[in-house]
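Asker: Structure for the following, please:
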Amino acid sequence: MLTITNLSTHYGAIQALENVSLNVGKGEIVTLIGANGAGKTTLMMTLCGTPRASTGAITLEGEDITALPTEEIIRRGIALAPEGRRIFPRLSILENLQIGASHCDKKYFASDLEKITTLFPRLKERMTQQGGTLSGGEQQMLAIGRALMSRPKLLLLDEPSLGLAPLVVKSIFTTLRDISATEKLTLFLVEQNAHIALRFANRGYVLVNGRITLSGTGTELLNNPEVRSAYLEGETAA
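Answerer: Down below sits the predicted model:
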């Protein structure tokens, strides 16, 4: 579904990504792990068109989307639940979800809303509540729900466990796995919590200083001595 080939991204003279190549197959769950500052969020944002790739190519289902504006990339079926959630705090849960569905045919809204509130019952209970008054876990549910309201083929998740209690993280990842299985939705996530990410994913990549250094199945990377030393020692499994 997604192919990234020799992708480099710069912020001015600073190179954040260098010749990154990876692929995500239809229906797969693929994770990208790496330390803080490795370039994980930059890759997610580059996939969405901001910042632009300096060199290389991004293809979605065979179509080159590298130079498309962000709104056209979203219309092609990519949605992002961003790092830090970035919901609209003064808008209600319903209004946040309406924004997620803004480019979709209105005939789908009611059924999609029912689906999201079934996945995340807490959102249904608080539909008129302002997003900024929600707990961190509830805001993450809203960020994921807002992304799903755009009816994506590929859901990008940037640090979905960030700042959340282990039980909340487990609940959210269980829901994501269910969504992937029942909706045949493709998931690509970046995570600092390598243990939960690699247990969750079919395959994974390791990003170090803007470059891919390792790849393999989730199990292979969990058992890799380099990965264990750099990312798993002292880390608590969720």
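Asker: Around residue 180, how many other residues sit close by?
Answerer: Applying other C-beta atoms under 10 Å, we find 18 other residues in the vicinity of residue 180. (Glycine included, C-beta is placed from N, CA and C.)
Asker: Enumerate every residue touching it.
Answerer: Under the criterion of C-beta atoms under 8 Å, 6 or more residues apart in numbering, the contact partners of residue 180 comprise 27, 29, 186, 187.
Asker: mind listing what's buried in the helix or strand harbouring it?
Answerer: Element membership for residue 180 (DSSP states H and E) is helix 166-183. Judged by neighbour count using 16 or more other C-beta atoms under 10 Å, the buried positions of helix 166-183 are 168, 169, 171, 172, 173, 176, 179, 180.
Asker: Now, the contacts of residue 180 that are in strands?
Answerer: Using DSSP state E, 29, 186, 187 are the members of the contacts of residue 180 that sit in strands.
Asker: so can I have TSV of those showing distance to residue 51 and neighbour count?
Answerer: What follows is the ones in strands among the contacts of residue 180, written out as TSV (distance: C-beta to C-beta, whole Å; neighbours: other C-beta atoms under 10 Å):
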residue	distance to residue 51	neighbour count
29	26	25
186	23	22
187	23	23
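Asker: Closest one of these to residue 196?
Answerer: Of all the ones in strands among the contacts of residue 180, residue 196 sits closest to residue 29, with 12.0 Å by C-beta to C-beta.
Asker: Next one, pLDDT for that closest one please.
Answerer: Reported pLDDT at residue 29 in the predicted model: 96.
Asker: can you pull out the strands in this protein?
Answerer: According to DSSP E, the strands that the chain contains are 2-11, 14-24, 29-33, 55-60, 63-64, 78-81, 154-158, 186-191, 203-208, 211-217.
Asker: could I get the ones you listed as CSV with distance to residue 45?
Answerer: Conversion of the strands of the chain to CSV gives the following (distance: least, C-beta to C-beta, whole Å):
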stretch, distance to residue 45
strand 2-11, 8
strand 14-24, 10
strand 29-33, 13
strand 55-60, 12
strand 63-64, 18
strand 78-81, 8
strand 154-158, 8
strand 186-191, 11
strand 203-208, 14
strand 211-217, 17
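Asker: Show me the shaky parts of the protein.
Answerer: Low-confidence regions of the chain, defined by pLDDT under 70, span residues 233-238.
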